[in-house]
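>>> Below is the sequence, then the predicted model.
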Number of protein chains: 4
Amino acid sequence: MRLRILVTGGTFDKEYDELAGTLSFLNTHVREMLERGRCRLDVEVDTIMMVDSLDMSDADRATIAARCRSCEERAIVVTHGTDTMVATAKTLAAAGIADKTIVLTGAMIPYAFGSSDGLFNLGSALSFAQVLPPGVYIAMNGMHFRWDECRKNRRTGIFERTRN
Amino acid sequence: MRLRILVTGGTFDKEYDELAGTLSFLNTHVREMLERGRCRLDVEVDTIMMVDSLDMSDADRATIAARCRSCEERAIVVTHGTDTMVATAKTLAAAGIADKTIVLTGAMIPYAFGSSDGLFNLGSALSFAQVLPPGVYIAMNGMHFRWDECRKNRRTGIFERTRN
Amino acid sequence: MRLRILVTGGTFDKEYDELAGTLSFLNTHVREMLERGRCRLDVEVDTIMMVDSLDMSDADRATIAARCRSCEERAIVVTHGTDTMVATAKTLAAAGIADKTIVLTGAMIPYAFGSSDGLFNLGSALSFAQVLPPGVYIAMNGMHFRWDECRKNRRTGIFERTRN
Amino acid sequence: MRLRILVTGGTFDKEYDELAGTLSFLNTHVREMLERGRCRLDVEVDTIMMVDSLDMSDADRATIAARCRSCEERAIVVTHGTDTMVATAKTLAAAGIADKTIVLTGAMIPYAFGSSDGLFNLGSALSFAQVLPPGVYIAMNGMHFRWDECRKNRRTGIFERTRN
């Protein structure tokens, strides 16, 4: 089974710009994370944008949906900022891609900062993408949710189920 | 869904004893790892032994099997040294626990050493345990294998499929 | 010999606020750093402010100078943002504290981010503070400079000697 | 001022061999540490052996002394296992190298393990080497000792002053 990781940026990939003293994007850390996880999946890493999800436009979401539709792989992980992950999941669900398992994931702490949840989430998302039936899901906090059954609690940073 | 993690030791939990200059076991890092992963699963961590898997006896394996059988949870992750993980998986399969999903996982680098694959593997194993049908599995390198279809390649440290 | 560390904030102590997605100050990491360095010096850690050095006012600098003057210790390390470290060093030199060795240091990467230069710099600054004659110095990049003989190169992030 | 770092191994440079599950030496981490510390000193890194200091022979110590004598630099840091650091310091002192400042340092935790004291100690040793008068010293725990006034407390792992 072949998987595709679509990188869109988010906290996952932010790093500290030591000259400016700010957080910014450079290159994705996903390949380095796969290496650390000694991942042996047949996985293609595809950086389609590097944005803070608060800055993600409708056009960006359409781009992600188009890539999900056009790629050959039927198991897809999308790395994404957590703030608007649910909105993108909704867009992907509306795109009506019937035969693929699409799992969005992200991180609360940048991978580059050492104490990140990103490696846990990536391991989790890749696993769910291999075994869940076609559909659009969010994998965060060790859990998986269908796109229409969760929200991010902004106060706690935790993804919660909105119905059962 | 409630899960149980059975901790048995292995590289996962080894740490550096700075006075002796050797590797040894103290307490499990699994709770700290769940915290780092911001895991919100309803999960019970249960340390049943802390051994190097090369030192694991048949009696130890019987203990693990008994705990898998007796616990209430139907999704179980067993953290285990990689060297004899397949042997323990075989014992668990032979125990005939029909209604539970049991996933063994481990690490090539101790979690305490910073650059470990453990967090990736734990995220992966917890995810597989939630969605795979009942059975005994090994989750390593981002992949999952049925107990009777993989082996650890000692030369590369990678788990490989033995049949397709 | 007893030393005092005056904490003023700076990149040294910045951390990632995972709910806001921004960099901010919480508590100093200096005690944790001393513990990691297994430091056995008789050292008092004294947080007098937690500010980005670009936001440091003349009043703040006067406060630091007053504390350098009033404290009992004759060896003082000041942790400080790098951007205006030289300006604060100048203020401290102008304060005419004749009998104390004052060493300013900082970091280009926050200690909390794992790959920081902070631990190296703290070890360096504490060492210079013990053995240099009274005066005001900057310890960065493994080097030490008198307050009036260096500047931070904003383009490279490196402290450079301005005369020999 | 030009410095030389003589690498001899020790805990400093141990790493985890993930195939064997043991601690071993590969290459020194000193250059990577200098880079992390953004060190701008004019420093030559010279690996003369990679041994556990418990395995260091009289011939090894003679080799270190010879290199201290022959090198051009007058400020030398020797990275060394902590267990026999005092013995090597004694050998170096007996070598009668009159015009050089030689500072031995080490670590209780390997640098590769993330939580090491090594970076603190390296910053400290390089600083002492620049400013202390000629002689043989040990820099550990933020402190510096003349070769004949300290010992390692094996029970605590701390270097202690043996006289005042």
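Now that the structure is in, tell me what you want to look at. Numbers count the residues shown, from 1 in each chain, chains lettered A, B, ... in the order given.

>>> can you give me the strands in chain A?
Secondary structure of chain A (DSSP state E): strands located at A:2-9, A:14-17, A:22-25, A:42-51, A:75-79, A:101-105, A:135-140, A:143-146, A:150-153, A:158-161.

>>> burial of the one residue in chain A that gets nearest to chain D, as a residue count?
Proximity of chain A to chain D (Cβ to the nearest Cβ) peaks at A:G114, 7.7 Å away. The way it works is simple: take the backbone N, C-alpha and C, and place the C-beta from them, glycine included. Neighbourhood size, A:G114 [other Cβ atoms under 10 Å in any protein chain shown]: 14.

>>> distance of it from D:V78?
30 Å (Cβ to Cβ, to the nearest Å).

>>> A:N121 and A:L104 touch, don't they?
No. Taking Cβ atoms under 8 Å as the definition, A:N121 is not a contact partner of A:L104, at 10.1 Å.

>>> In terms of neighbours, single out the busier of these two.
Higher neighbour count among A:N121 and A:L104: A:N121, with 31 against 28, using other Cβ under 10 Å.

>>> Grab the nearest non-local neighbour of the more buried one.
In space, and not counting its chain neighbours, A:N121 is closest to A:T105: 4.7 Å by Cβ to Cβ, 6 or more residues apart in numbering or on different chains.

>>> Give the phi and psi angles for the residue of chain A found nearest chain C, as a check.
In chain A, the residue that lies nearest chain C is A:G114 (2.5 Å; Cβ to the nearest Cβ). With angles defined as degrees, to the nearest 10, A:G114 sits at phi 90, psi -50.

>>> Where does the prediction get shaky in chain A?
A:164 (pLDDT under 70).

>>> Show me which residues of it sit near chain C.
A:11, A:16, A:18-19, A:21-23, A:52, A:83, A:108-110, A:112-115, A:154-157 (Cβ under 8 Å from any Cβ of the partner chain).

>>> which among these end up buried?
Among the residues of chain A next to chain C, those classed as buried by 16 or more other Cβ atoms under 10 Å in any protein chain shown are A:11, A:16, A:18, A:21, A:23, A:52, A:83, A:108-110, A:112-113, A:157.

>>> possible to save those as TSV with distance to A:A89?
Formatted as TSV, those follow (distance: Cβ to Cβ, whole Å):
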residue	distance to A:A89
A:T11	17
A:Y16	29
A:E18	34
A:G21	33
A:L23	24
A:D52	17
A:D83	13
A:M108	17
A:I109	21
A:P110	22
A:A112	25
A:F113	25
A:G157	17
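
>>> just those residues now: which is nearest D:S127?
The closest of those to D:S127 turns out to be A:E18 (Cβ to Cβ; 21.9 Å).

>>> what separates A:C39 from D:S70, distance-wise?
In this structure, A:C39 and D:S70 are 48 Å apart, going by Cβ to Cβ.

>>> now A:L122
51 Å.

>>> higher neighbour count, those two?
Neighbour totals were compared for A:L122 and D:S70, and A:L122 leads with 32 against 8 (other Cβ under 10 Å).

>>> Pull the contacting residues for the closest residue to the more buried one other than its chain neighbours.
Nearest residue to A:L122, sequence neighbours excluded (Cβ to Cβ, 6+ apart): A:M33, at 5.4 Å. Neighbouring residues of A:M33 by Cβ atoms under 8 Å, 6 or more residues apart in numbering or on different chains: A:111, A:118-119, A:122, B:120.

>>> Need the outlier residue of chain A, farthest from its centre.
Distance from the C-alpha centroid of chain A, by Cα atoms, centre = their mean, peaks at A:L19 (28.3 Å).

>>> Do I have it right that that residue meets C:R155?
Yes. Using Cβ under 8 Å, A:L19 is in contact with C:R155, at 7.4 Å.

>>> Need the contact partners of stretch A:83-100.
Residues from elsewhere that reach stretch A:83-100 (Cβ under 8 Å, 6+ apart): A:8, A:10, A:52-54, A:56, A:58, A:61-62, A:64-65, A:68-69, A:73-76, A:78, A:80, A:102, A:104, A:106, A:134-138, A:140, A:147-148, A:150-152, A:154, C:21.

>>> wait, stretch A:44-61
With contact meaning Cβ under 8 Å, 6+ apart, stretch A:44-61 is reached by A:2-10, A:13-14, A:25, A:27-28, A:30-31, A:34, A:63-64, A:67, A:71, A:73, A:80-85, A:87-88, A:91-92, A:106, C:21.

>>> rerun at 7 Å
For stretch A:44-61, the surrounding residues in contact (Cβ atoms under 7 Å, 6 or more residues apart in numbering or on different chains) are A:4-10, A:13, A:25, A:28, A:30-31, A:63-64, A:67, A:73, A:80-85, A:88, A:91.

>>> repeat for stretch A:139-154
By Cβ under 7 Å, 6+ apart, stretch A:139-154 touches A:82-83, A:85-86, A:89-90, A:93, A:103, A:105-106, A:121, A:124-125, A:128, A:132, A:135-138, A:158-163, B:37-41, B:123, B:126.

>>> Using PyMOL, define a selection of the buried residues within these.
The PyMOL selection below is limited to those of the contacts of stretch A:139-154 classed as buried (16+ other Cβ under 10 Å):
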select buried, (chain A and resi 82+83+85+86+89+93+103+105+106+121+124+125+128+132+136+137+138+158+159) or (chain B and resi 37+38+39+40+41+123+126)
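
>>> and A:L122, what does it touch?
With contact taken as Cβ under 7 Å, 6+ apart, A:L122 is in contact with A:33, A:37, A:105, B:120.

>>> Try it again at 8 Å.
Here A:L122 is in contact with A:30, A:33-34, A:37, A:77, A:79, A:105, B:120, B:123 (Cβ under 8 Å, 6+ apart).

>>> From B:G114, how far off is it?
Separation of A:L122 from B:G114 (Cβ to Cβ) stands at 17 Å.

>>> thinking again about what came up before, so the residue of chain A closest to chain D sits against C:F113, correct?
Yes. Using Cβ under 8 Å as the test, A:G114 is close enough to C:F113 to be in contact (6.1 Å).

>>> buried residues in stretch A:52-72?
For stretch A:52-72, by 16+ other Cβ under 10 Å, it's A:52-53, A:56, A:60-61, A:63-65, A:67-68.

>>> What's opposite A:F25 in the beta bridge?
A:K14 (DSSP bridges).

>>> Now tabulate the buried residues of stretch A:52-72 in JSON lines and tack on distance to B:T47.
Shown next, in JSON lines, are the buried residues of stretch A:52-72 (distance: Cβ to Cβ, whole Å):
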{"residue": "A:D52", "distance to B:T47": "40"}
{"residue": "A:S53", "distance to B:T47": "38"}
{"residue": "A:M56", "distance to B:T47": "43"}
{"residue": "A:D60", "distance to B:T47": "46"}
{"residue": "A:R61", "distance to B:T47": "45"}
{"residue": "A:T63", "distance to B:T47": "47"}
{"residue": "A:I64", "distance to B:T47": "42"}
{"residue": "A:A65", "distance to B:T47": "45"}
{"residue": "A:R67", "distance to B:T47": "44"}
{"residue": "A:C68", "distance to B:T47": "42"}
